[in-house]
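Visitor: Predicted model and sequence below, questions to follow.
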Amino acid sequence: MYLYTAQEMRDLDRYTIETVGVPGSVLMENAGQAVTRLLHERDPGPAKAVVLAGTGNNGGDGFVIARLLASAGWQVRLWQVGQEEKMSPETRIFRDACQRSAPEPHRWEPQRIPDLTADLRRSDWVIDALLGTGVRGELREPFRTVIALINREAWGRVLAVDIPSGVETDSGAVAGEAAVRADWTVTLAGPKWGHYLLPGAEFCGELTVAEIGIPASVVRLRSPLARLNGPDGWEKHLAPRSPWSHKGTHGHLLVVGGSRGMLGAAALSAMAAYRTGVGMVTVGVPQSQETAMASQVTESLVWGWPDQGNGGFADAFPAGWEERKHRFSAVAVGPGLGPVPNSDWLRRFLSLDCPVVLDADALNALSRDPAILREAAAPVVLTPHPGEMARLTGSTVSEVEGNRPGVARDWAREYGVFVVLKGTHTLIASPGGSCVVEGNASPSLAKAGSGDVLTGVTGAWLARGVPPAEAAALSVHLHGLAGRLAVTDVSDSVIATDVIRAIGPALHRLIPSRSRA
């Protein structure tokens, strides 16, 4: 499913209207019918509803919804908000239809605050069709006042049409608290960036996509570069194992990390990789930590690397590196790595002819000389959290979070890497400019060790030969699903090893039933 900017949505509508020949009024009627149908499925009614309609196309959807609810026997109070002269022609058609039938629109005026307040308090549903996708910057009156009334006085559930009024479509920005806090958002034709970017995402509540009659052929023709993470991008890699396969068939991952005091991070990555299905894992640790690591991960080979003497990595590579490096089909560097001696140490991994995942301390080292990424001989996947991304870009966490798609895409393009920018809705940016957003958040993953698990999962798919963009998207989705399945009571109690144990059940759910059979 594609993810739209406001302009991309306008272009899609325009193409459908002008080239395909579907009138805008038909799309508006379809939108209102789709929202009303979903509302009836959730609440057969008849119930009491307040519909607040602006003068743009979003308001036109609201007038359609009001008319259809009233014809279904609902008690509807319809409020028209905004300047009459700014009303679009299509919106005027449906406003006039309400005037000629029911419900009659009530014009908003400041002196009518008590009337609107009373309506909001006695309604089961409040339908926000005030503004839609064209909002930018500070809201003007009367919308600020009306939105404040909705948030303060609505006693029923709030349904936002397309996007909560006051949330910017492309950035998720909200000017102060001037946005509707919806319990449920029904978005039209496809999800928008603002549904998945903070702070706007917090205003959306539950999100449902409603089709409005735009032909699938047009959607494919006008498809944007961004999409939601889903099986269409990676399901083909979930075929069952051949009974004739062996450990060498499923790849060999090298995990480098686990300095003194941080062995657990590398161990988590190794265990997660095995649960994901990689054939072999070798864990490279400082020599002084070799025995301790061997007792933690009994399935893995443990390889002692030159030690600084304090349990950290020295700047030399181990004897036998040149001989053994060709045995690995992917490398993950960073979990519990500790301080990296110098850029040349990291550069040697980038010279390998297999994919490399850089996480945690490897990213911190990379921030000192990111230009070495341009020397990489094979694909590189970076998995930063916002703090690490801020160090890489020389910015602040708030600047990263304020422009997640732009920051990730710019870095992916500039350095030719795949950027997995972690967060509630993790984002995967590719060098070509495409972007994938994970739509299913899992608060159980907000705990130490979760990132190490993701590194192991990503390394496993890369080692098994999955292309990097698809490996990253599959890993993020699998990781999130495992996080949700790991919750047996409350998400607060989930730890990283619980998530690892849930990788198997998560894979079982993702593998198509025909493949399992």
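Guide: Arrived safely, thanks for sending.
Visitor: ok, the residue lying closest to Thr393 once chain neighbours are set aside - contacts?
Guide: Of all residues not flanking Thr393 in the chain, Val407 sits nearest, at 6.2 Å (Cβ to Cβ, 6 or more residues apart in numbering). For the C-beta atoms, the positions are set from N, CA and C on the backbone; glycine is no exception. Val407 is in contact with 389, 393, 395, 399-400, 421, counting by Cβ atoms under 8 Å, 6 or more residues apart in numbering.
Visitor: Report the backbone C-alpha coordinates of the helix or strand containing Val407 in CSV.
Guide: Val407 belongs to helix 404-415 when assigned by DSSP states H and E. Provided in CSV are the C-alpha atoms of helix 404-415 (Å, rounded to 0.1, in the frame of the first residue of the first chain):
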residue,chain,number,x,y,z
ARG,A,404,12.5,11.6,9.4
PRO,A,405,11.8,10.8,5.7
GLY,A,406,14.0,13.6,4.5
VAL,A,407,16.9,12.8,6.8
ALA,A,408,16.9,9.1,6.0
ARG,A,409,16.4,9.5,2.2
ASP,A,410,19.1,12.2,2.0
TRP,A,411,21.6,10.0,3.7
ALA,A,412,20.7,6.9,1.7
ARG,A,413,21.1,8.8,-1.5
GLU,A,414,24.3,10.6,-0.6
TYR,A,415,26.2,7.5,0.6
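Visitor: what comes up buried for that helix?
Guide: Using 16 or more other Cβ atoms under 10 Å as the test for burial, helix 404-415 gives 404-405, 407-409, 411-412, 415.
Visitor: go on, stretch 358-373?
Guide: By 16+ other Cβ under 10 Å, the buried positions in stretch 358-373 come out as 358-366, 370, 372-373.
Visitor: and what of stretch 160-179?
Guide: 160-174, 178-179.
Visitor: Which of those fall within strands?
Guide: 160-161 (DSSP state E).
Visitor: What pLDDT does the model give Ser382?
Guide: You called it Ser, but residue 382 is Leu. At Leu382, the pLDDT value in this model is 98.
Visitor: does Thr298 count as helix, strand or coil?
Guide: coil (DSSP: H, G, I helix; E, B strand; the rest coil).
Visitor: got the contact list for it?
Guide: By Cβ under 8 Å, 6+ apart, Thr298 has no neighbours at all.
Visitor: Can you get me a residue count around the nearest residue to Val174 once chain neighbours are set aside?
Guide: Leaving aside its sequence neighbours, Val174 sits nearest to Pro199 (Cβ to Cβ, 6+ apart; 5.1 Å). For Pro199, the neighbour count with other Cβ atoms under 10 Å is 16.
Visitor: again with Ser395
Guide: 14.
Visitor: Would you quantify the distance from it to Glu401?
Guide: Distance, Ser395 to Glu401, by Cβ to Cβ, to the nearest Å: 10 Å.
Visitor: just to revisit the earlier point, per-residue pLDDT of the residue nearest to Thr393, please?
Guide: For Val407, the predicted pLDDT is 97.
Visitor: And it, how far from Gly451?
Guide: Val407 is 18 Å from Gly451, where distance means Cβ to Cβ.
Visitor: what do you get for Gly21?
Guide: 50 Å.
Visitor: Most neighbours among the contacts of Val407, which one?
Guide: Leu421 (27 neighbours).
Visitor: Would you check that that residue makes contact with Cys435?
Guide: No - the pair Leu421 / Cys435 is not scored as a contact, 9.8 Å apart, by Cβ atoms under 8 Å.
Visitor: Distance from the helix holding Val407 to the middle of the chain?
Guide: 16 Å (Cα atoms, centre = their mean, to the nearest Å).
Visitor: what do you get for stretch 179-199?
Guide: 13 Å.
Visitor: Show me which parts of that stretch are buried, residue by residue.
Guide: Buried residues in stretch 179-199, counted by 16+ other Cβ under 10 Å: 179-182, 184-199.
Visitor: Also stretch 213-233?
Guide: For stretch 213-233, burial by neighbour count (16+ other Cβ under 10 Å) applies to 214, 218-219, 222, 224-229, 233.
Visitor: Over to stretch 236-245?
Guide: Leu238.
Visitor: check contacts around Ser171.
Guide: 193-194, 197, 200, 402-403.
Visitor: Repeat that for Ala201.
Guide: Ala201 touches 172, 194-195, 424-425, counting by Cβ under 8 Å, 6+ apart.
Visitor: Would you mind giving the secondary structure of it?
Guide: Secondary structure, three-state DSSP: Ala201 is helix.
Visitor: rewinding a little: from the buried residues of stretch 358-373, which single one is nearest Thr458?
Guide: Nearest to Thr458 among these, counting by Cβ to Cβ, is Asp359 at 8.5 Å.
Visitor: Distance check, that closest one against Asp452.
Guide: Distance, Asp359 to Asp452, by Cβ to Cβ: 8 Å.
Visitor: anything in contact with each of these two?
Guide: Pro335.
Visitor: got any ranges where the chain has weak pLDDT?
Guide: Residues of the chain meeting the criterion pLDDT under 70: 513-517.
Visitor: how does it divide into domains?
Guide: 6-224, 246-516 (automatic domain parsing).
Visitor: now those domains as JSON lines including distance to Leu238?
Guide: Below are the domains of the chain laid out as JSON lines (distance: least, Cβ to Cβ, whole Å):
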{"stretch": "domain 6-224", "distance to Leu238": "24"}
{"stretch": "domain 246-516", "distance to Leu238": "5"}
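Visitor: quick one: which of the ones you listed is nearest His237?
Guide: His237 lies closest to domain 246-516 among these, at 4.9 Å (Cβ to Cβ).
Visitor: Skipping adjacent residues, who's closest to Ser223 in space?
Guide: Tyr2 (5.6 Å).
Visitor: and the gap between the one you found and Leu427?
Guide: 15 Å.
Visitor: So what's the residue count around the residue nearest to Ser223?
Guide: Neighbour tally, Tyr2, other Cβ under 10 Å: 18.
Visitor: Over to Val26?
Guide: 15.
Visitor: before we move on, what SS does it have?
Guide: Assignment for Val26 (three-state DSSP): helix.
Visitor: which residues sit in contact with it?
Guide: Contacts of Val26 by Cβ under 8 Å, 6+ apart are Gly213.
Visitor: still on that earlier bit, farthest-apart pair in the contacts of Ala201, please.
Guide: Greatest spatial distance in these: Gly194 and Thr424, 13.9 Å, computed using Cβ to Cβ.
Visitor: that older thread, from the contacts of Val407, which ones fall inside strands?
Guide: Reading strands off the contacts of Val407 with DSSP E, I get Leu421.
Visitor: of the contacts of Val407, closest to Ile511?
Guide: Taking the contacts of Val407 together and measuring to Ile511 by Cβ to Cβ, the closest member is Leu421, at 27.3 Å.
Visitor: Distance of the closest one relative to Ala362?
Guide: Relative to Ala362, and taking Cβ to Cβ, Leu421 is found at 16 Å.
Visitor: quick one on the thing from earlier: and the residue nearest to Ser223, what is it in contact with?
Guide: Tyr2 neighbours (Cβ under 8 Å, 6+ apart): 190, 219, 223-224, 226-228.
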